[in-house]
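Chemist: Sequence and predicted structure are below.
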Amino acid sequence: MQPSRRTVLASLAAMPLIGAAPAGRNRVVLLGTKGGPTPTPLRAEPATLIELDGQAWVVDCGNGVANQLAKASVPLDRLARIFVTHNHSDHVADVGNLIEIAWSLGLKTPVTVHGPPPIRQIVHDQLAALSYDVAARIREEGRVPLEPLVSVDERAAPGLVVRDRGTKVTSALVDHETVAPAFAYRFDTPGRSIVISGDTRYSDALVALAKGAELLIHEAIYGPMIDRMTGENAPTLADHLRRSHTLAEQVGLVAARAGVKKLVLSHLVPGAGVSDAMWIAAVRRNFAGRVVIGRDLMEV
């Protein structure tokens, strides 16, 4: 006699997650380090994990973020906060999907999404698209209702975002051309200060936000490759890239002026074809400190 679906699901839920990170661990993991929505086997779309005493905080949710969290050995029922820098698809495509998958894996505690407008509508619409599956799982698996667990903190102004678990999160407005508001975030944790740039051109506001930070995770674009990334389907792309992203040498200038201890390049454009040595040589024009070229699932 074959076991019922309910029995199989119950057995799977009771199994420990292999390689799960200890509940008290604090770490930062680059989940996805490629800029833009085009899929590639080399890098995943933008997302960063900040794990604080058993909670998973995720900055940006590009396509596939749930898989990347699983690879980083993070039980998804620990998801607590999502911070969205801006609403381009490579940063928000999987916000609702991540929440629903976490819920289907046992999440019973609140999740708050922080971000600029129209993030409230985006979360609502994404979860609405999953409403059939949510209703089916409540009916078939006895799940708790999902809707009461989800809240959205939508804001257009910079400043204090939240204080939680001994950590203060603040934001600054950065310049991502027509996609606005766009935020950078600073996480002052009990262990260290972490700044994530979001997508931006060179920004004095970001320099101010990152002053004295131990860790700056900054987007980067490699200037000599810009013209090769355009095509007939996007005739103004090169101009957009120049006006809305930060050249690697300018990233070095941000790090130097902010006096950060460690610089990590992520959201790399292009995601392939530029060696680590080429990225570092560009940064070194302005920054002599520690530089790391991000890789998916790298702990920084």
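Modeler: Here it is on my side, so go on. Bear in mind the structure is a predicted one, so any value in this text is a computation, not a measurement. Numbers count the residues shown, from 1 in each chain.
Chemist: count of residues packed around V144?
Modeler: Here the number of neighbours of V144 (other CB atoms under 10 Å) works out to 11. Backbone N, C-alpha and C define where each C-beta goes, glycine included.
Chemist: is it true that it touches K108?
Modeler: Yes: under the criterion of CB atoms under 8 Å, V144 lies in contact with K108, with a separation of 5.5 Å.
Chemist: Now list whatever residues contact both of the two.
Modeler: The overlap between the contact sets of V144 and K108 (CB atoms under 8 Å, 6 or more residues apart in numbering) is empty.
Chemist: Do me a favour and get the end-to-end distance for stretch 255-264?
Modeler: Stretch 255-264 has an end-to-end distance of 10 Å (criterion: CA to CA, to the nearest Å).
Chemist: contact partners of that stretch?
Modeler: 30, 195, 206-208, 210-218, 251-252, 283, 286-294, 300.
Chemist: Can you point out the buried residues in it?
Modeler: A255, A256, R257, A258, V260, K262, L263, V264 (16 or more other CB atoms under 10 Å).
Chemist: Now do the SS call for the first one.
Modeler: With DSSP: H, G, I helix; E, B strand; the rest coil as the basis, the three-state label of A255 is helix.
Chemist: For it, give its distance to A44.
Modeler: Using CB to CB, to the nearest Å, we find A255 at a distance of 24 Å from A44.
Chemist: swap in the second one?
Modeler: According to CB to CB, A256 stands 29 Å off from A44.
Chemist: so what's T178 up against?
Modeler: Contacts of T178 (CB under 8 Å, 6+ apart): S244.
Chemist: Actually, R27.
Modeler: A21, L49, I50, E51, E299.
Chemist: now these as CSV including secondary structure, neighbour count and pLDDT?
Modeler: What follows is the contacts of R27, written out as CSV (DSSP: H, G, I helix; E, B strand; the rest coil; neighbours: other CB atoms under 10 Å; pLDDT from 0 to 100):
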residue, secondary structure, neighbour count, pLDDT
A21, coil, 19, 47
L49, strand, 21, 98
I50, strand, 22, 98
E51, strand, 23, 97
E299, strand, 10, 98
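Chemist: tell me which of these is nearest to P116?
Modeler: I50 (19.0 Å; CB to CB).
Chemist: Just the buried ones from the contacts of stretch 255-264?
Modeler: So, by 16+ other CB under 10 Å, the buried ones in the contacts of stretch 255-264 are 30, 195, 206-207, 210, 213, 215-218, 251-252, 283, 286-287, 291-294, 300.
Chemist: what pairs with the nearest residue to M298 once chain neighbours are set aside across the strands?
Modeler: Spatial nearest neighbour of M298, excluding adjacent residues (CB to CB, 6 or more residues apart in numbering): L30 at 4.8 Å. When bridges are called by DSSP bridges, L30 pairs up with T48, M298.
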